[in-house]
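Engineer: Return a 3D structure for these sequence lines:
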Amino acid sequence: MKSRIPVVLLACGSFNPITNMHLRLFEVARDHLHQTAVPELKLLCGADVLKTFQTPNLWKDAHIQEIVEKFGVVCVSRTGHNPKEYISGSPILHRYRHNIHLAREPVQNELSSTYVRQALSQGHSVKYLLPDAVITYIRDHNLYTRDSSWKGSSTQRSEGKTGWEESASPQNSS
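Structural biologist: So this is what the prediction gives:
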């Protein structure tokens, strides 16, 4: 077994709430970098975040250039996104494409924080989608419910249903 090089990954995104697929990004990126022998600090993102580099007024061009030129990016694939297209469609990303590593996630990644928030707001279980500690934190802090301070468009719950009585709670799982 060849020796592994140190890898430091800095991730961005909402992670609201963090899912197991968010955590999986780090594993996929680390494995990819170990195979390509690229040590250094890199920005870790999903292809959906790479696409936001093209969103007007969201990122400053100077910031994008500094990230990809000085540090580089590890972009993990995501269903419905084409990171190669995003790179070729951006003059900055295209110029520094040699510093953008595309890592393929072998497991389909269709889980999103938006889906999790909607599921919770409808009282559905999120067991096995989120780490148990995150589920506990959400429950303990009354997040993503009608009574919480989070004001998403799908925060309405069915009357009398909290979503925690079912298998979403770690202590209720078998």
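Engineer: and His63, how many residues sit next to it?
Structural biologist: 11 (other CB atoms under 10 Å). Where you see a C-beta, it was placed from the backbone N, CA and C, and this is true even at glycine.
Engineer: Who are the packing partners of the helix or strand that contains it?
Structural biologist: Using DSSP states H and E, His63 sits within helix 61-66. Identification of packing neighbours for helix 61-66 by 3 or more CB pairs under 8 Å, 6 or more residues apart in numbering; DSSP states H and E yields helix 91-95.
Engineer: Name the residues of the helix it packs on that come out as buried.
Structural biologist: Buried residues in helix 91-95, counted by 16 or more other CB atoms under 10 Å: 92-93.
Engineer: sorry, back to before: got the buried residues for the helix holding His63?
Structural biologist: 64-65.
Engineer: One more: stretch 9-21?
Structural biologist: 11, 17-19, 21.
Engineer: Please produce TSV containing those, extended by distance to Tyr128, secondary structure and pLDDT.
Structural biologist: As requested, the buried residues of stretch 9-21 are exported to TSV (distance: CB to CB, whole Å; DSSP: H, G, I helix; E, B strand; the rest coil; pLDDT from 0 to 100):
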residue	distance to Tyr128	secondary structure	pLDDT
Ala11	22	strand	76
Pro17	14	coil	81
Ile18	14	coil	77
Thr19	10	coil	77
Met21	11	helix	77
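Engineer: and those residues, which two are the farthest apart?
Structural biologist: Ala11 and Pro17 (14.5 Å; CB to CB).
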